[in-house]
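**Student:** 3D model of this:
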Amino acid sequence: MNIATVLKNEISRVARKEVRSETQQLKKSVVHYRTEIAALKRRLAELERAIKRDRKAPGKPALAAQSTEKPQRMTFSASGLAAQRKKLGLSANELGALVGVTGQSIYKWEQGKAKPRAAQLMTLRAMRGLGKKAVAAKLAELSAG
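**Tutor:** This is a model prediction of the structure:
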């Protein structure tokens with residue numbers, strides 16, 4: 001092996017090493033940007049669905065809890081909903097008006113035949129801390145509006 005061949009091989013090795021380190025950074029950036037783009041697309045789709053839902057039924061959810069935080073895992077208990085409704089002294093139609101659904105939906109939830117969606121669960125969760133007077137005030141707002 002002559003010195004020219006050794007030098008050529010060494011230059012090629014060093015060049016490949018440099019190119020590899022540069023492309024590693026680019027690959028990391030591309031992965032990061034793709035993840036961000038995917039998250040933004042999901043958020044955009046969610047907002048577009050919310051707009052479409054609001055156009056169909058403007059002002060329907062009275063206690064809708066719109067939050068940009070990550071939603072916590074929410075469990076649903078049919079008997080818990082029935083107990084909460086009884087504690088507040090509400091009819092199924094009244095509770096339905098507060099949540100943004102029909103009274104029939106409330107009955108189905110209480111019987112375990114159906115489950116509320118995430119947005120409705122958040123509204124129900126927001127109602128947990130309310131007393132009879134606060135709920136009556138919300139109902140009065142709905143009746144007036």
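**Student:** Tell me the first helix or strand C-terminal of the strand or helix carrying residue 35.
**Tutor:** In the assignment (DSSP states H and E), residue 35 maps to helix 3-56. Toward the C-terminus, helix 3-56 is succeeded by helix 78-88 as the next helix or strand (DSSP H and E).
**Student:** tilt between the helix or strand following that following helix and helix 78-88?
**Tutor:** Beyond helix 78-88 in the direction of the C-terminus, DSSP H and E gives the next helix or strand as helix 92-99. Between the axes of helix 92-99 and helix 78-88, defined by axes from the mean of the first three to the mean of the last three C-alpha atoms, to 10 degrees, the angle is 100 degrees.
**Student:** neighbouring contacts of the helix or strand just after helix 92-99?
**Tutor:** Using DSSP H and E, the next helix or strand after helix 92-99 towards the C-terminus is helix 103-111. Helix 103-111 is contacted from outside by 76, 78-79, 81-82, 85, 91-96, 99, 114-116, using C-beta atoms under 8 Å, 6 or more residues apart in numbering. Bear in mind the C-beta positions are built from the backbone N, C-alpha and C, glycine included.
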